[in-house]
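Participant: No letters, just coordinates:
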């Protein structure tokens, strides 16, 4: 089946290590399921669910105030058991098993995110499942050796895979100021905003360069650009497409140099909290006095961070091993402790929601036209579609956001 399929199967297999397996006698626990539904009903502060239960009963959950609304059909009571014990991991496993469906899951994910604080642990892993998920996730912490394995598992799925649904720039991060002129134009606006943050820098370091398009853009204005990554396939593509850039396979912790500016786009989410100080050390160490760093990052609401960090969600289990969204106040404190002033923060989460929607449209079209690599099976494609919907809903629900900030070395 090939190395690439083995990587895809590895993601699925790794996620199943977090599995919740309900009893075949789940229907015996009908009173428990009723209490779960009652709890969801009471704790949905905004929006609601039009639910169809396995016995055909219709039920409205929530609708206490205006918000996201969705239709959900429970085909099997096991879905609720998975949700109640395994949280978002269990809910994906229930979807994969055909235990629930929706004509559009995005509003459901947005609803869960918008009500995350009021729902509390209702839709989070708990008890032994939470402890197990936390331990499994901890095994993926981003030491130098493990970081390369984590990146390899996601970004080295194949350049031909990503090329079928990313835009022509091969940019795998949020666009900015989405408009009728399309995704590529919005990605260029994102680059222009990052470029403006670093001014007329002559020497630039990019940490986590992806497929090299941003580095190429920065080099096109005359900057001497050094770009680093630990993804072999991305570096192969970048070196071939952007000859004006110096690309290195290098861990950010090993960089030693002096640059007028540093750029890093959605790389810090791959680090894990224990390595945030190392990232800020890298910025402070490698910026010249007065230098500027333009950072784009994804953050979860600070009030949700502790519960989020205590377990592992669907993304961490199946998509980004070792990943962790940012707690922006803690991240800012680390910067300021190192003499890096935090300036010009700009949040644009709904642009990410639109970016994800367009990626999913392109992904679905590629699958329909049989342009996806033939050695990815339907199960993997379904996983990836769920991932894109799950992320889109998170941004539409407001519990996660994407931001740009400028760090200035005093």
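Facilitator: Alright, I've got the coordinates. Predicted model only: the values in this text are computed from it and were never measured. Numbering: from 1, shown residues only.
Participant: measure residue 345 to residue 267 for me?
Facilitator: 17 Å (CB to CB, to the nearest Å). Every C-beta, even on glycine, is put in place using the N, C-alpha and C of the backbone.
Participant: quick one: the strands in the stretch 151-300 of the chain?
Facilitator: Taking DSSP state E, counting those that start in this stretch to define them, one finds strands in the stretch 151-300 of the chain at 203-207, 224-229, 246-249, 259-265, 287-300.
Participant: Show me the helices in the stretch 1-150 of the chain, by range?
Facilitator: Per DSSP state H, counting those that start in this stretch, the stretch 1-150 of the chain carries helices over the ranges 3-16, 30-43, 78-96, 105-114, 116-119, 127-138, 144-155.
Participant: swap that for the stretch 151-300 of the chain, sorry
Facilitator: 159-163, 183-198, 213-220, 232-241, 276-286.
Participant: thinking residue 364 is in contact with residue 388, fair?
Facilitator: No. With contact defined as CB atoms under 8 Å, residue 364 does not count as touching residue 388 (9.3 Å).
Participant: Between the two, which has more neighbouring residues?
Facilitator: Here residue 364 and residue 388 are compared on neighbour count by other CB atoms under 10 Å; more neighbours surround residue 388, at 21 against 14.
Participant: helix/strand/coil for that one?
Facilitator: Of the three states, residue 388 takes helix according to DSSP: H, G, I helix; E, B strand; the rest coil.
Participant: buried set for stretch 340-360?
Facilitator: Using 16 or more other CB atoms under 10 Å as the test for burial, stretch 340-360 gives 340, 342, 348-349, 351-360.
Participant: For those, could you give me TSV that also reports secondary structure and pLDDT?
Facilitator: As requested, those are arranged in TSV below (DSSP: H, G, I helix; E, B strand; the rest coil; pLDDT from 0 to 100):
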residue	secondary structure	pLDDT
340	strand	98
342	strand	98
348	coil	98
349	helix	98
351	helix	98
352	helix	98
353	helix	98
354	helix	98
355	helix	98
356	helix	98
357	helix	98
358	helix	98
359	helix	98
360	helix	98
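Participant: Turn those into a markdown table, including distance to residue 404.
Facilitator: Below are the buried residues of stretch 340-360 laid out as a markdown table (distance: CB to CB, whole Å):
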| residue | distance to residue 404 |
| --- | --- |
| 340 | 15 |
| 342 | 12 |
| 348 | 8 |
| 349 | 12 |
| 351 | 11 |
| 352 | 12 |
| 353 | 16 |
| 354 | 16 |
| 355 | 14 |
| 356 | 18 |
| 357 | 21 |
| 358 | 20 |
| 359 | 20 |
| 360 | 24 |
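Participant: can you pull the pLDDT of residue 121?
Facilitator: Listed pLDDT for residue 121 reads 83.
Participant: With residue 336 instead?
Facilitator: The model reports residue 336 with a pLDDT of 98.
Participant: With adjacent residues omitted, what lies nearest to it?
Facilitator: Spatially, and ignoring its direct neighbours in sequence, residue 336 is nearest to residue 342 (6.3 Å; CB to CB, 6 or more residues apart in numbering).
Participant: Report the contact partners of that neighbour.
Facilitator: 332, 335, 336, 405, 406, 407 (CB atoms under 8 Å, 6 or more residues apart in numbering).
Participant: same check, this time on residue 337
Facilitator: By CB under 8 Å, 6+ apart, the residues touching residue 337 are residue 280.
Participant: One more: residue 117?
Facilitator: Residue 117 is in contact with 301, 303, 304, counting by CB under 8 Å, 6+ apart.
Participant: For the first one, which non-adjacent residue is closest in space?
Facilitator: What that stands for is residue 301. In this structure, residue 301 finds its nearest non-sequential neighbour in residue 399, 5.3 Å apart by CB to CB, 6+ apart.
Participant: what about the strands of the stretch 151-300 of the chain, which gets the closest to residue 118?
Facilitator: strand 287-300 (16.0 Å; CB to CB).
Participant: now the angle from that closest one to strand 259-265?
Facilitator: Interaxial angle, strand 287-300 versus strand 259-265 (axes from the mean of the first three to the mean of the last three CA atoms, to 10 degrees): 10 degrees.
Participant: Can you pull out the low-pLDDT segments for the stretch 101-250 of the chain?
Facilitator: For the stretch 101-250 of the chain, the stretches flagged by pLDDT under 70 are 125-153, 155.
Participant: picking up where we left off before, give me the buried entries from the contacts of residue 117.
Facilitator: Taking 16+ other CB under 10 Å as the criterion, what is buried in the contacts of residue 117 is 301, 304.
Participant: still on that earlier bit, among the strands of the stretch 151-300 of the chain, which is nearest residue 375?
Facilitator: For those, the distance to residue 375 is smallest for strand 224-229, at 24.2 Å, taking CB to CB.
Participant: Who are the packing partners of that closest one?
Facilitator: Here strand 224-229 touches strand 203-207, helix 213-220, helix 232-241, strand 246-249, going by 3 or more CB pairs under 8 Å, 6 or more residues apart in numbering; DSSP states H and E.
Participant: Could you tell me which strands the last one is paired with, and in which direction each runs?
Facilitator: Right, strand 246-249. strand 224-229 (parallel) (DSSP bridges).
Participant: and the partner strand with helix 232-241, angle?
Facilitator: Here strand 224-229 runs at an angle of 160 degrees relative to helix 232-241 (the same axes, to 10 degrees).
Participant: List of residues touching strand 224-229?
Facilitator: Around strand 224-229, the neighbours that count as contacts under CB under 8 Å, 6+ apart are 151, 202-210, 212, 215, 218-219, 235, 238, 244-252, 255, 257, 259.
Participant: What of stretch 232-247?
Facilitator: Applying CB under 8 Å, 6+ apart, the contact partners of stretch 232-247 are 152, 155-156, 158-159, 170, 209-213, 215-216, 219-220, 224-229, 249.
Participant: again with stretch 63-80
Facilitator: With contact meaning CB under 8 Å, 6+ apart, stretch 63-80 is reached by 22, 26-27, 29-30, 33, 36-37, 44-54, 91, 94-95, 97-105, 107-108, 110-111, 114-115, 396-397.
Participant: again, 6 Å this time
Facilitator: Contacts to stretch 63-80, defined as CB atoms under 6 Å, 6 or more residues apart in numbering, come from residues 22, 26-27, 33, 36, 46-54, 94, 99-103, 107-108, 110-111, 114.
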